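> Please work out how this folds:
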Amino acid sequence: MSAAEDQADVAKVLGGDTGAFEGIVKRWQGPLVNLAYRFCRDRGRAEEMAQEAFLRAYRRLEGWRGDAAFSTWLFALATNLYCSELRRIPARTVPLEEVAEPREPRETDAALEEAERESIVRSAVLALPAKYREVVILFYFHDMDIAAAAQSLGLPEGTVKARLFRGRDILRSKLGQRLAAQPARKEA
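Take a look at the predicted model:
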């Protein structure tokens with residue numbers, strides 16, 4: 001994904017060529033839907049939230065100053081929208097205490113075991129309080145560094161670091177025993 005392409009498309013849209021926004025949508029639709037899905041875990045809702053993010057980006061395109069990458073601005077706008085949307089209509093969450101325990105040891109292939117492990121971790125992340133969940137999702141699932149996550153959330157870097165530390169600490173305490181109890185993979 002090219003920053004130059006984003007810049008060119010933004011310039012075209014601001015110059016009156018509204019069709020150039022299609023290039024932005026094509027480049028960023030997948031990542032914005034994926035980000036929304038990490039927040040709400042509902043594909044249909046994620047697509048609606050991403051569509052709303054593009055609509056807001058289009059309306060506020062003149063607000064992008066160009067001092068940061070367009071993608072950073074777009075992700076910050078989308079993250080703020082997703083957080084607001086989830087405060088308005090919360091995603092269905094399960095308390096950490098109710099996250100399913102791993103099943104009894106059984107013969108399965110490595111892919112099924114890994115999928116079960118990932119499911120346990122995803123459920124636990126979604127059960128985190130929102131302020132920790134947002135930071136963990138951006139840092140681990142969207143590979144944002146501290147600075148990018150802080151900019152996306154409109155928070156100081158120190159706050160993001162503290163929330164990330166606390167979120168990991170909560171996950172470690174809740175998941176440590178559950179994941180240790182999961183059957184170990186058999187070596188071939």
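> how about low-confidence regions in this structure?
Scanning the chain for pLDDT under 70 picks out 1, 90-112, 177-188.
> for it, which helix is longest?
Longest helix in the chain, counting residues (DSSP state H): helix 157-180.
> can you dump the C-alpha coordinates of the helix or strand that contains residue 12 into CSV?
Using DSSP states H and E, residue 12 falls within helix 3-14. Output of helix 3-14 as CSV, limited to C-alpha atoms (Å, rounded to 0.1, in the frame of the first residue of the first chain):
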residue,chain,number,x,y,z
ALA,A,3,1.5,6.4,0.7
ALA,A,4,2.0,8.2,-2.6
GLU,A,5,-1.1,6.6,-4.0
ASP,A,6,-3.1,7.7,-1.0
GLN,A,7,-1.7,11.2,-1.3
ALA,A,8,-2.5,11.3,-5.0
ASP,A,9,-6.1,10.1,-4.5
VAL,A,10,-6.7,12.5,-1.6
ALA,A,11,-5.5,15.4,-3.8
LYS,A,12,-7.8,14.2,-6.7
VAL,A,13,-10.8,14.0,-4.4
LEU,A,14,-10.1,17.4,-2.9
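> quick one: contacts of it?
With CB atoms under 8 Å, 6 or more residues apart in numbering as the test, helix 3-14 has contacts from 20-21, 23-24, 27, 58, 61-62, 64, 66, 69-71. For the C-beta atoms, the positions are set from N, CA and C on the backbone; glycine is no exception.
> before we move on, back to that, could you list the buried residues of the longest helix of the chain?
By neighbour count with 16 or more other CB atoms under 10 Å, helix 157-180 contains the buried residues 160-161, 163-164, 166-168, 170-171, 174-175, 178.
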